[in-house]
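Q: got a sequence here, can you build the structure:
(2 chains)
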Amino acid sequence: MTDHILALTVAAPFVAALLMLLVPGRNHPVLRVIGVTGSVLSLVGAIYVALHYDQAKGGLQFAQNYPFVPSFGIDIRLAADGWSVALFLLTGIIMTAGSLASATLTNRPKEFYILLLVLVSGVFGVFVCQDLFVFFLFYEIAVLPMYLLIGIWGSKGKVAPAGPFKSLWKDLDVGGKEYAAMKLTLMLLVGSAAILVGMLAMYFAMGGKSFDMVAMAHFKFPREMQVWVFPMLWLGFGSLAGVFPFHTWSPDGHAAAPTAVSMLHAGVLMKLGAFGVMRVGMILLPEGAATWAPIVGAVAALNVIYGAVSAMAQKDLKYVIAYSSVSHMGVVMLGAATLDPDGWNGAIYQMFAHGIMTGLFFALVGLIYERAHSRWVPGMGGFAKVMPGVAAFFTLAGLSSLGMPGSAGFVAEFLVFAGAWKSGHLMWAIPAMIGAWVTAVYVLRATKMIFWGEGPSHEFHDLHDAKRVEWAALWILGTCIVAFGCAPRLVLDFIGKATSEYLPAIVDAAHLVAMGGGK
Amino acid sequence: MTPSTLALLSLFVPLGAAVLLGLLGPLRRTGRPAAFVSVAGALVALAGAVAILAGGDAALKPGAHLVWGWLSAGPATAVGIHVDGTSAWMLLVVTLVATCVQIYSLGYLHDEPPAALGRYFTYQSLFLFAMNTLVLAPNLLQAFLGWELVGLVSYLLIGFYFRKPSAAKAAVKAFWVTKFADLGFLIGLVTLYAKTGAFEWTAVTPVAGFVTLMLFFAVMGKSAQFPLHIWLPDAMEGPTPVSALLHAATMVAAGVFLIVRAEPLFAQAPMTREIMAYVGGFTALFAACIAVVQTDIKKVLAYSTCSQLGYMVTALGAGDTFAGYFHLSTHAFFKALLFLGAGSLIHAVHSNELKDMGGLFKKMPFSGAVFIIGAVALAGVPPFAGFFSKDLILEAVEHHHLYVPLAALAIAAFLTAFYMTRTVMMALFGAPSHAAEHAHEPGIDMKLPLGVLALLAIVAGFGGSWLAGLTGHEYAFHFTLVGGAGTAIGLLGIATGFWMFGPAQGGAPIKRGMAPVGVFIRYGLMDRLSTVAYGLMLAVGAIIAWIDRYVIDGVMNWSGWILLVGGRRLRGLQTGNVQDYVYAVALGIVVLGAWGILR
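A: Residues are numbered from 1 along each chain as shown, chains lettered A, B, ... in the order given. Next up is the predicted model:
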């Protein structure tokens, strides 16, 4: 039984989704119980994996092969490394909080929960899959339900037509939820197409016998091929990680999405993109990664500061948080591009920290929106008087986002900066640090405008603090921010172990590339 | 108990109080019981600090060092405690002033709603933990953690009256300015880590010059050195006890403490030290000038704090660590005393403005007396505490031939004595204002801390040799020419103040000739600059956001639209008419045929 813990964890949400098919759509309580149980079970699975992963031994553990399409060499190969442990935990935590946060949903909860659970199965799958084809399959399972989740349960944003492309506004219905869903899906699918090409190139370069990623990591692909395949993977996965300029689906998508979907999307889905770049792009194509690292890092530094500065000018609360995600994912990519142990640990830790932080943010934004019926920040003010709990958690999330020590965000950002500095990339580290400071500016500005000052004005008459089950998501995520900020080694040791296993090969490749030889 | 056990007690008991109050909402919202939890925590921390020093300095040499791996196993990225003479004494100063301030707050904030009071004391406990984290830091990594956390608590406490727009504004401004300066700390820290693989301040490294310069940039923010001092006067929006504890005695002195702590690094960086001496000297003079024309008693004291921190920084710049550290200690006592004394006056007249005071000495002899003690200690009158430490600073600066900073400090000494005399005269003597008619002394909970601090402001100066021995320096008071001149200048300042604002003038005019200068410097220049910088940032943000929304995303929309329209156009080819298809086939044959012939 426990040998198959990974498969069980991946399957738990999916099985819950299947069970839901048997329940009538109007029976909301039962649906909720099934949804939350499926999520909690997967969290339990993730915790089990963390407790039983043998750190001293390291490497891939709990490995199991399930034959899938043997004639093409495709197996469902599940195995966990240190990174998987951390990201498994993240997914379990976010999904549990997300399913609790959507407990108040009344519009078609059955379909909503089913899609959410299927999606999360895909996310779990990506983090432990060691077969590239199935990896891609899980990746698509995670991405595609978004289209329906946003298109059906989303909300409309306000985007005034302007600029050189103003005439398109009407044709495309810019700002609508269908538009946001379509844009997100199309942009990510273009990315997927690029990934598919890269993946097949690798498969055939190895003789077309197997998609086994462990074998691929040991196989030495020709330099010329690595150099053209890596950017395909970087941009393909990167579009999901919000890499500039393929980030523009993110503000609209997150703004239009319902609470739990934003939580999962910013909290774990964007991480799939960054994880893909590192796990597939960098580890399987070390020389390609080493060749492209300067560009990946430069774009990431741009992402950090560009996202932060854009967030500063946003007036819609969801856009503020969405742009902050673009900025923070830049930190992840920056850490990845350093090819330094601290940078890599920081990148994975930032996935973890940002996931929890942004999950908390979107949960809070959902609560505020539900009560204020508005996301327009300049119209708010004085909310702390009537919703002190929400204000406190919002401040906590903000502090993690600006990298306050004692919160998980600090550990991640600090490691990334240290990594960038150590690898000699001051020109990346300084903009990133300034970006972190700009984060302080816009986060505290938003906090002040929403919660502080006089008010709330009489138009916000049904404001009140979080109630009953709503507290659960806030407390889970808030506690995690502080706990993993004060005791980072709870997950950092796992991450560091895996980094120390993967990185040396890439550093060697970087030396080869730097010397221009070794072809 | 060993010093390390006691230090851990002083560190974690306030944290325990903060966590207890933070998590147990019902307890926090009771107000006074919550306050007692916090005060009890502070008292335990104080007892711990006293016990460490009472254990004798044999145990503190070479110092107890206890660390745990934080970011990884091993000591390179560890957190823990380091207890030696320097940190043990600072621990005592912090816990003592914090305890006084917390007890004082019980009376001062008596009328706050219970929930707000509970929140206040939660922050107070958290502050004590954060400050002790910094004080007991075994390396610069932990110093940074504490450094950032005290900044956070400062933000929360300045914004304590968050419903008040000016307080909200002051809180975020303080956070932004100090956090901007902290970029220096971060850069210094990662540089040190990149070059030495650890965060030890004892490291010997060729990058010490750069690292210390960066650290000093952070110090300029936290310890309010020109031009990053702009947040400190605004920070007076917080409750007065907060100003006393954070923005006078301890948190703003954290920068000075950091330089004291990282002495081995700074000793390798003569260039940084020289910059420090000039920045400190300029700040001391500049802030003293502005203090002269302030009409708000807390603002006078705020600029005075800036100025005195300038003294400490100059001393450290001259390389005399002990002089800076000694002044930090005496200043902590008498400036906390001044702020709490001012709080007592403010409490009585419900106004910060000097013009609403006047003649308060008769109504409140105790508060008035302790305020005067604080004032003369600050003015450097022998034998009060400030005299000894200021004397030592002047001597040190002269000894290192830093004559320009020395001149600045000397003028500042005159101005300091002058503005304190002015403040005392206007607040305590002269014609009473209407509000002052009903003023009365505060209760015992406010008097007790005032008494303790007044006593320390009188005697602390005599502890110099002992403190020097504790921290591994040598010091004995001896008369020097420059020190004597400094004292004479101070007395001259008092005399001038007395002449201009004394009884002869009776309710003297608030502003004299210097007013426009100070107002220009304060509001005309520095405040404008920060407003302009902020506006500029927002404008850049708006432009970038516009580009992102309408150009970059516009291109994405456009490419989608092209496909859409292109598809619609191509759809036209599928007409379903057989004739059309036959034409197309015929055309194809012609084209292929032509191509075949012409090839």
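Q: what's around the residue of the stretch 401-550 of chain B found nearest chain A, how many residues?
A: Residue of the stretch 401-550 of chain B nearest chain A, by Cβ to the nearest Cβ: residue B:550 (2.7 Å). Quick note: C-beta positions are derived from backbone N, CA and C, even for glycine. By other Cβ atoms under 10 Å in any protein chain shown, the residues close to residue B:550 number 19.
Q: what ranges in chain B fall below the confidence cut-off?
A: Across chain B, the ranges flagged by pLDDT under 70 are B:503-527.
Q: residues contacting the residue of the stretch 401-550 of chain B closest to chain A?
A: By Cβ atoms under 8 Å, 6 or more residues apart in numbering or on different chains, the residues touching residue B:550 are A:162-166.
Q: let's see that with 7 Å instead.
A: Contact analysis of residue B:550 by Cβ atoms under 7 Å, 6 or more residues apart in numbering or on different chains lists A:162-165.
Q: quick one: the strands in the chain?
A: Reading this off chain A. Under the criterion DSSP state E, strands of chain A are mapped to A:61-69, A:74-80.
Q: wrong chain, I was asking about chain B
A: Using DSSP E, strands in chain B cover B:64-69, B:78-83.
Q: quick check: which of the ones you listed is buried the most?
A: Comparing those by mean neighbour count (mean count of other Cβ atoms under 10 Å in any protein chain shown), strand B:78-83 ranks first with a mean of 22.
Q: and the stretch 401-550 of chain B, which residues reach chain A?
A: Those residues of the stretch 401-550 of chain B that sit near chain A, judged by Cβ under 7 Å from any Cβ of the partner chain, are B:537-538, B:540-542, B:544-545, B:548, B:550.
Q: among these, who's most crowded?
A: residue B:548 (23 neighbours).
Q: quick check: closest non-adjacent residue to that residue.
A: Nearest in space to residue B:548, with sequence neighbours left out and distances taken as Cβ to Cβ, 6 or more residues apart in numbering or on different chains, is residue A:310 at 5.2 Å.
Q: I'd assumed residue B:544 was in contact with the one you found.
A: Yes. Between residue A:310 and residue B:544 there is a contact under Cβ atoms under 7 Å: 5.4 Å.
Q: contacts only, for residue 271.
A: I went with chain A, as the question did not name one. By Cβ under 7 Å, 6+ apart, the neighbours of residue A:271 are A:87, A:351, A:355.
Q: wrong one, chain B
A: Residue B:271 is in contact with residue B:209, counting by Cβ under 7 Å, 6+ apart.
Q: picking up where we left off before, of the contacts of residue A:271, closest to chain B?
A: For the contacts of residue A:271, the minimum distance to chain B (Cβ to the nearest Cβ) is 16.7 Å, reached by residue A:351.
Q: can you put the strands of chain B in TSV and add distance to chain A?
A: Conversion of the strands of chain B to TSV gives the following (distance: least, Cβ to the nearest Cβ, whole Å):
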stretch	distance to chain A
strand B:64-69	7
strand B:78-83	10
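Q: any chance of the ones you listed in TSV, with distance to residue B:492 too?
A: TSV is the format used below for the strands of chain B (distance: least, Cβ to Cβ, whole Å):
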stretch	distance to residue B:492
strand B:64-69	47
strand B:78-83	43
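Q: which of the strands of chain A sits most buried?
A: For these, the largest average neighbour count (mean count of other Cβ under 10 Å) is found in strand A:74-80, namely a mean of 22.
Q: now it, how far from the chain's geometric center?
A: Distance of strand A:74-80 from the chain centroid (Cα atoms, centre = their mean, to the nearest Å) equals 22 Å.
Q: which residues does that strand contact?
A: Outside strand A:74-80, the residues touching it (Cβ under 7 Å, 6+ apart) are A:6-7, A:49, A:53, A:60-68, A:128-131, A:133-134, A:211-212.
Q: can I get the strands of chain A in JSON lines with mean pLDDT?
A: Formatted as JSON lines, these follow (pLDDT from 0 to 100):
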{"stretch": "strand A:61-69", "mean pLDDT": "89"}
{"stretch": "strand A:74-80", "mean pLDDT": "90"}
